[in-house]
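Undergrad: prediction below, plus the sequence it came from.
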Amino acid sequence: MAEKARGLAANSLSRHLVSLKVFFRYLAQEGLLSINVAETMESPKVWKMLPSVLTPKEIDRLFAAPDLKTPLGIRNLAILQIFYASGLRVSELAGLQLTDLHFDEHFLRCIGKGRKERVVPVGKEAIEKVKQYVQSVRPQLTPGPQEQTVFLSSRRQPMSRKTIWDMIKKCARDAGITKTIYPHTLRHSFASHLLANGAPLRIIQEMLGHADIATTQIYTHVDPDRLKGVHRQFHPRA
């Protein structure tokens, strides 16, 4: 294909081919084509990239990076803790409202893709850090009681997804983490570490807000030690 020779990536080629097949199928259904030649076109092989995750030790180093002597350092640690403890998407974290936090019950509510609401349990350490931020730091940042967004910037505005992610990347650099950090790195780490410690895949699916468990199953490829352990336990010739 000319597009492949031009250097177009496999993902882009695949999307183009799907569009062509849909168009040609429509022409055939309308009787404008006697033969649908697009059906014989082979799609390029698209490689699935495994999610990048941090190790538990790297998570500890990341949590040690914010300067807790400053108000923004306390806020940043609260963000890191809740991000890793809940597996939220960065957009969901940026959109958290005060009414979404349930400190005594140790859970939060969030609005995910498709405006679907879900409940996510949060560990004691993370919920305490967020509570500390809300009680001692957020009052210094809020422009007034009408602002209900949880995480605010030094400019007294809700933090954007980009601002949150720039902060996390800086903390990773300060922690000496050399891995490339992506917007979903803490979310991927949350899911992978739950799976590694025996959490059922279906429960992880619910906490992540995945509509299809096939999306969650990619995490089974991230933890080779778990797979080897299952093999040793159940295979008769292991």
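TA: Right, received. Where do you want to start?

Undergrad: run a quick neighbour tally on residue 232.
TA: Neighbourhood size, residue 232 [other Cβ atoms under 10 Å]: 9. Yep, even glycine has a C-beta here, placed from its N, CA and C like the rest.

Undergrad: repeat for residue 209
TA: 20.

Undergrad: is it correct that it is in contact with residue 114?
TA: No. Residue 209 is not in contact with residue 114 according to Cβ atoms under 8 Å; the separation is 9.2 Å.

Undergrad: roughly how far apart are the residue of the chain most remote from its centre and residue 182?
TA: Here the centre of the chain is the reference, and by Cα atoms, centre = their mean the most remote residue is residue 34, at 46.2 Å. As defined by Cβ to Cβ, to the nearest Å, residue 34 lies at a distance of 48 Å from residue 182.

Undergrad: same thing with residue 137?
TA: Shown here: residue 137 relative to residue 182, a distance of 27 Å by Cβ to Cβ.

Undergrad: residue 109 should be in a strand, yeah?
TA: Yes. Counting by DSSP: H, G, I helix; E, B strand; the rest coil, residue 109 is part of a strand.

Undergrad: per-domain residue ranges of the protein.
TA: 2-40, 61-180 (automatic domain parsing).

Undergrad: one step back: look at the residue farthest from the centre of the chain and report its pLDDT.
TA: Note for residue 34: predicted pLDDT of 75.

Undergrad: confirm it sits in a strand?
TA: No. Applying three-state DSSP, one finds residue 34 to be coil, outside a strand.

Undergrad: please shift the residue numbers so they start at 58 in all later answers.
TA: Done: numbering now begins at 58, and the last item shifts to residue 91.

Undergrad: which non-adjacent residue is nearest residue 155?
TA: Nearest non-adjacent residue to residue 155, counting by Cβ to Cβ, 6 or more residues apart in numbering: residue 205, 5.1 Å away.

Undergrad: ugh, wrong one, I meant residue 248
TA: residue 276 (4.9 Å).

Undergrad: for residue 235, helix, strand, or coil?
TA: When classified by three-state DSSP, residue 235 comes out as coil.

Undergrad: now do the strands in this structure.
TA: Under the criterion DSSP state E, the chain contains strands at 158-159, 164-168, 174-178.

Undergrad: pull the number of nearby residues for residue 82.
TA: Neighbour count for residue 82, taken as other Cβ under 10 Å: 14.

Undergrad: report the separation between the residue farthest from the centre of the chain and residue 80.
TA: Distance of residue 91 to residue 80, computed by Cβ to Cβ: 16 Å.

Undergrad: wait, residue 183 touches residue 136, no?
TA: No. At 10.1 Å, residue 183 does not count as touching residue 136 under the criterion of Cβ under 8 Å.
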